[in-house]
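# Structure for this input, please:
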Amino acid sequence: MVTNIKQIIQTSLTSAISYEAYKSLIHSLLQQKKSTGEDTGEDLYNYSVLNQKRMLRLDKTLQLAPETLAFLKGSIPMQTWLVLSEGWCGDAAQNIPVLNKFAEENSDIDLKIVLRDQHPKLMQEFLTNGSKSIPKLIALDADLNVLGTWGPRPSFATQMVQEYKSKNGQLDADFKKDLQIWYNKDKGKNTEKDLIALLSQ
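Numbering: from 1, shown residues only. I've put the predicted structure just below:
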């Protein structure tokens with residue numbers, strides 16, 4: 001039986017939430033000493049606490065480049081950005097605030113978020129090199145056709161991951177620390193460029 005991707009997307013959208021609702025959900029769970037996802041252990045809770053602080057900081061400090069703002073003032077086909085995420089994910093915390101800024105600047109972009117572990121069928125259709133890596137952005141037109149995808153990391157960070165894996169076999173704590181330092185220095189600029197490329201397809 002052929003999987004109907006559009007049907008999976010449509011079902012997922014019925015439980016998708018806004019960025020503000022996503023942040024509220026994470027906050028509510030943290031008040032209960034919990035995290036999103038199937039595994040609600042102490043490590044993921046601690047990551048979620050850190051990531052909540054990252055998102056709130058980025059919401060306040062993130063500024064899109066003048067050329068990005070000019071681009072977003074232009075005509076963009078109406079679309080939904082459906083994003084698979086979890087509150088414990090460091091890459092999500094660094095990138096979803098950038099996605100939200102794009103949606104705030106152009107009303108033709110409707111940002112919706114679903115939790116990965118609650119939507120295994122959707123995640124299975126949008127794996128990255130066979131893995132359930134998040135965040136994963138799926139850009140959809142009004143008829144729920146897939147216009148393109150992005151994620152789980154901006155292009156330069158993706159290159160960093162690939163090079164480190166080729167030398168060391170897997171990502172470790174040292175690399176993850178270096179990646180967060182890179183995110184802090186980059187301030188979302190690489191993600192901005194990637195998203196403009198996605199919108200320009």
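# Where does pLDDT dip in the chain?
1-3, 40 (pLDDT under 70).
# and after the lengthiest helix in it, which helix or strand comes next?
Identified as the longest helix of the chain according to DSSP state H is helix 42-61. Tracing the chain C-terminally past helix 42-61 and defining elements by DSSP states H and E, one meets helix 66-73 next.
# So which elements touch that following helix?
Applying 3 or more CB pairs under 8 Å, 6 or more residues apart in numbering; DSSP states H and E, one finds that helix 66-73 contacts helix 90-105, helix 189-199. In this view, the C-beta of every residue, glycine as well, is placed from N, C-alpha and C.
# and Leu171, how many neighbours does it have?
As a burial measure, Leu171 scores 13 neighbours (other CB atoms under 10 Å).
# Tell me the secondary structure at it.
Following DSSP: H, G, I helix; E, B strand; the rest coil, the label given to Leu171 is coil.
# so the longest helix of the chain versus helix 90-105, what angle?
Relative orientation of helix 42-61 versus helix 90-105 (axes from the mean of the first three to the mean of the last three CA atoms, to 10 degrees): 30 degrees.
# who touches helix 42-61?
23, 26-27, 29-30, 33-37, 87-90, 92-94, 96-98, 100, 187-188 (CB atoms under 8 Å, 6 or more residues apart in numbering).
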